[in-house]
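Trainee: generate coordinates for the sequence data below:
(2 chains)
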There are 2 protein chains.
Amino acid sequence: MEQTQTTNTQQTHEAGHETQDPRLETQGARHEGKDPNTIYIGKKGVMGYVLAVVTQFNNNSPEVKIKARGNMISRAVDVAEIVRHRFLTSATVKGIHISTEELLSEDGTKSKVSSIEIVLTK
Amino acid sequence: MEQTQTTNTQQTHEAGHETQDPRLETQGARHEGKDPNTIYIGKKGVMGYVLAVVTQFNNNSPEVKIKARGNMISRAVDVAEIVRHRFLTSATVKGIHISTEELLSEDGTKSKVSSIEIVLTK
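Mentor: As a prediction, this is how the structure comes out:
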């Protein structure tokens, strides 16, 4: 049970998150999770995701989920912290959940990767 | 069982959230001696910290805190997940807290870094 995070799985996770336009971020989230209130953290700069979260709250979403896997977990925490300390001081952390996901890499081997879900409410 | 991290170039943080400073490791080590029930996650391999957590539980600690800052946050989640899925299936996540800490670097500038605290109970 090797916990590996290969470049391949990372790229798979990043599919649909390559653009720099923050407005497209919700499209990417919808594509992956079919939920615009879920922001998936990838390789882009932190502030792009911060903007995506703030935008969702401004669209009257009562809560926004921030999800990340592997090394992006640290960035997800950054996003949540920057949102609630700098942009939406009324936002609070409703809950944080961690789990393990199994990924299938291109060569057919399975690997496990940690994931996090941070739920913010306004 | 190391977590292979092949895409580390992406770990630049924005908005004052700096990447993990190597000096923080020694700080963590210093804290570690004060409270044996708190495991500070640094740059060592994941399994070393997993062993530290399991050892604390075996020393009859009812709960163990796993703390990390910056990029080490992802590793803290790995440690918690490996402990409860592989070594102590009776262990559960009692709570997860995230916060922002202000650090004073050598040149006197202040920077903010995210931190996480994962509380495991047996």
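
Trainee: so which elements touch the helix ranked longest in chain A?
Mentor: Longest helix in chain A by number of residues (criterion: DSSP state H): helix A:46-58. In terms of contacts (3 or more C-beta pairs under 8 Å, 6 or more residues apart in numbering or on different chains; DSSP states H and E), helix A:46-58 is packed against helix A:23-33, strand A:38-40, strand A:63-69, helix A:72-82. Yep, even glycine has a C-beta here, placed from its N, CA and C like the rest.

Trainee: mind listing what's buried in that helix?
Mentor: A:46, A:48-57 (16 or more other C-beta atoms under 10 Å in any protein chain shown).

Trainee: how about stretch A:62-80?
Mentor: Quick answer for stretch A:62-80 (16+ other C-beta under 10 Å): A:64-80.

Trainee: hang on, the earlier thing: select from the helices and strands packed on helix A:46-58 the stretch with the lowest mean pLDDT.
Mentor: Ranked by mean pLDDT, the helices and strands packed on helix A:46-58 bottom out at helix A:23-33, which scores a mean of 42.

Trainee: show me where pLDDT drops low in chain A?
Mentor: Scanning chain A for pLDDT under 70 picks out A:1-34.

Trainee: so A:Ile73 makes contact with A:Ile116?
Mentor: Yes - counting by C-beta atoms under 8 Å, A:Ile116 is a contact partner of A:Ile73 at 4.7 Å.

Trainee: any common contacting residues for the two?
Mentor: Counting by C-beta atoms under 8 Å, 6 or more residues apart in numbering or on different chains, the shared contacts of A:Ile73 and A:Ile116 are B:Val77.
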